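Undergrad: quick one: sequence and predicted model below, then my questions.
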Amino acid sequence: MIAIASSQMPADAASDLSRVAQVLWLEPQPQLYKGIESHPDIFFCQKDTLFVASPDIPPAWAEWLTKAGVKIIFGESRLGSAYPLTARYNAVFASGMLIHHRNVTDKKLKLLCQRAEEVHVKQAYTRCNLFHLGENYFITSDKGIQKQLSMRGMNLIFVDPRQIRLDGHPYGFIGGCFGKSGNQIFCCGRLDSLKEAAEIRLMIQQLGLKLVELGNGHITDVGSIFFCDVG
């Protein structure tokens, strides 16, 4: 199993992840502000087994992924120190949709959604705030995203983001706490630190998925955990 994760992930969670996956640990990059400077969902967008990467990623990251058998292409947008330059790749491909702020999305992502519905949301940090469990089921910490996807018949659980930890910020976002590999849902921290834990556990169970909680701490936004299918 191949994973992409922040090197600033809590130590106990990182140790657990290292036991089940070969991990590309992203080191903080100087052009980004504190709290997101090593977050995978700032540098990458995943569409099935393909990763679209910012051209700003260190060459060593691209080399590591290519040697591991991960398919990677580069987008057109360079990252910057402030929004919207920090959000060009923070989109979600799921259930036949590209979900993002249409004025922020990198052009390469738009080209990849020719057979998908482009769903515009005001929250350009979409992947930070949205996690696709599978089929038409999602978890979100943004009311605007919840409204847009509910209108399209999706099933969503809203999670109050004020419960989520993010280094250097008052709180984080729910999408950045999760990753998925096959039938396993990975969560950074203990899900029971959320008041919506029982509802999330039930949805995971109904979808026939297995929850893997990394570490023993409070649920933490680590900029998503990406898993790469290289089979």
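TA: Nice, thanks for sending it over. Numbering: from 1, shown residues only.
Undergrad: where does pLDDT dip in this structure?
TA: 231 (pLDDT under 70).
Undergrad: show me where this protein has helices.
TA: 11-20, 40-43, 59-67, 107-112, 126-129, 143-150, 197-206 (DSSP state H).
Undergrad: please work out which of these is packed deepest.
TA: Highest mean neighbour count of the helices of the chain: helix 126-129, a mean of 28 (counted as mean count of other CB atoms under 10 Å). Where C-beta positions appear, they are placed from N, C-alpha and C, glycine not excepted.
Undergrad: check what contacts that one and list those residues.
TA: Helix 126-129 is touched from outside by 39, 41, 45, 90-92, 99-101, 123, 140-142, 145, 161, 172-176, 221, 223-224, with contacts defined as CB atoms under 8 Å, 6 or more residues apart in numbering.
Undergrad: now which of the residues you listed would you call buried?
TA: Among these, those classed as buried by 16 or more other CB atoms under 10 Å are 39, 41, 45, 90-92, 99-101, 123, 140-142, 145, 161, 172-176, 221, 223-224.
Undergrad: in strands, which of those appear?
TA: Among the buried ones among the contacts of helix 126-129, the ones falling in strands (DSSP state E) are 45, 92, 99, 100, 140.
Undergrad: turn these into a markdown table, including distance to residue 77.
TA: Output for those, formatted as a markdown table (distance: CB to CB, whole Å):
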| residue | distance to residue 77 |
| --- | --- |
| 45 | 11 |
| 92 | 17 |
| 99 | 17 |
| 100 | 12 |
| 140 | 24 |
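Undergrad: what's the closest of these to residue 186?
TA: Nearest to residue 186 out of those is residue 92 (CB to CB; 16.6 Å).
Undergrad: excluding chain neighbours, what is closest to that closest one?
TA: residue 99 (4.5 Å; CB to CB, 6 or more residues apart in numbering).
Undergrad: the one you found contacts residue 109, doesn't it?
TA: No - using CB atoms under 8 Å, residue 99 makes no contact with residue 109, being 10.7 Å away.
Undergrad: which residues are in contact with each of these two?
TA: With CB under 8 Å, 6+ apart, residue 99 and residue 109 have common neighbours residue 91.
Undergrad: and residue 58, how close does it get to residue 223?
TA: 16 Å (CB to CB, to the nearest Å).
Undergrad: got it, and residue 71?
TA: 21 Å.
Undergrad: and if you look at residue 105?
TA: Per CB to CB, residue 105 is found 18 Å from residue 223.
Undergrad: likewise residue 104?
TA: Distance, residue 104 to residue 223, using CB to CB: 17 Å.
Undergrad: what's the burial count for the closest residue to residue 137 other than its chain neighbours?
TA: Spatially, and ignoring its direct neighbours in sequence, residue 137 is nearest to residue 155 (4.9 Å; CB to CB, 6+ apart). Residues lying near residue 155 (other CB atoms under 10 Å) number 13.
Undergrad: same deal with residue 79?
TA: Using other CB under 10 Å, residue 79 has 19 neighbouring residues.
Undergrad: how about it, phi and psi?
TA: Torsion angles at residue 79 (phi, psi; degrees, to the nearest 10) stand at phi -80, psi 160.
Undergrad: was I right about it contacting residue 90?
TA: No - applying CB under 8 Å, one finds residue 79 not in contact with residue 90, separated by 10.7 Å.
Undergrad: give me the common contacts of these two.
TA: Residues touching both residue 79 and residue 90 by CB under 8 Å, 6+ apart: residue 42.
Undergrad: what sits against residue 102?
TA: Contacts of residue 102 by CB under 8 Å, 6+ apart are 118, 120.
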